[in-house]
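[1] My questions concern the predicted model and sequence given below.
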Amino acid sequence: MPATPETLVEGRNHLADHCATCHANNGAGETEIGRNLYPKAPDMRQTETQSLSDGELYYIIRNGIRMTGMPAWGNPELGDSDSDSWTLVLFIRHLPHLTAADEMEMEEFNPKSNAEREEEQQEENFLNGNTNKEGASHEH
Ligand code: HEC
């Protein structure tokens, strides 16, 4: 699969959604879960990961790593044509060149709790001047 702006964005959003809890958006592995697993999530921008072949990365993503926190992803029936996993391989290659803009857009795709979503909604209501909406007004 060729690295195009489209396939990279696909891989980027997928990583933000499924992998960043452990690996972080920038691939450094510096998240609460990532750094506390044993073995911990590696910094995927470094040579150890970048020197793996595309096929090896693909295999790891699809099969996970036995006896570690790295889960197996993707539908086993897809064989070599799991396009979600190939876009992830492309994006892992791109990690050393990540921009601040990339990282900001990824935050939109990071999993959120209901509480975080509600807080965002309240802030939005407040900014839009809808201060009478439930939960957004503060009368003491
Ligand atoms: C629950 C935590 C967790 C999640 C979620 C997770 N990983 Fe991992 N991943 C790990 C850990 C821990 C390792 C290191 C295992 C080891 O040391 O052998 C790892 C290793 C890897 C490696 C091998 C890197 C290397 O240098 O050997 C790749 C590639 C990888 N993960 C990609 C992904 C992708 C892509 C996703 C999302 C689809 C993902 N991971 C989701 C925990 C996670």
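    Perfect, I can see it now.

[2] CA atoms for contacts and neighbours, from now on please.
    Fine.

[3] Let me know the average pLDDT across stretch 83-90.
    The average pLDDT within stretch 83-90 is 97.

[4] again but with stretch 104-120, I slipped
    93.

[5] first to last residue in it, what's the distance?
    End-to-end span of stretch 104-120 (Cα to Cα, to the nearest Å): 16 Å.

[6] near the ligand at all, it?
    No: between stretch 104-120 and the ligand, judged by Cα under 6 Å from any ligand atom, nothing touches; the nearest distance is 11.3 Å.

[7] ditto for stretch 50-66
    Yes: using Cα under 6 Å from any ligand atom, a contact is recorded between stretch 50-66 and the ligand, made by 57, 60, 61, 65.

[8] which outside residues touch that stretch?
    For stretch 50-66, the external contacting residues (Cα atoms under 8 Å, 6 or more residues apart in numbering) are 44, 70-76, 85-86, 89, 92-93.

[9] what's near enough to touch the residue nearest in space to the middle of the chain?
    Centroid-nearest residue in the chain: residue 16, 1.9 Å away (criterion: Cα atoms, centre = their mean). Residue 16 makes contact with 24, 25, 106, 107, 109, 110, 111, according to Cα under 8 Å, 6+ apart.

[10] Can you select the buried ones from the residues you listed in PyMOL?
    The PyMOL command for the buried members of those (criterion: 16 or more other Cα atoms under 10 Å) is given here:
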select buried, resi 24+25+106+109+110
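
[11] May I see the contacts of residue 16 arranged in JSON lines, with secondary structure as well?
    Shown next, in JSON lines, are the contacts of residue 16 (DSSP: H, G, I helix; E, B strand; the rest coil):
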{"residue": "24", "secondary structure": "coil"}
{"residue": "25", "secondary structure": "coil"}
{"residue": "106", "secondary structure": "helix"}
{"residue": "107", "secondary structure": "helix"}
{"residue": "109", "secondary structure": "coil"}
{"residue": "110", "secondary structure": "coil"}
{"residue": "111", "secondary structure": "coil"}
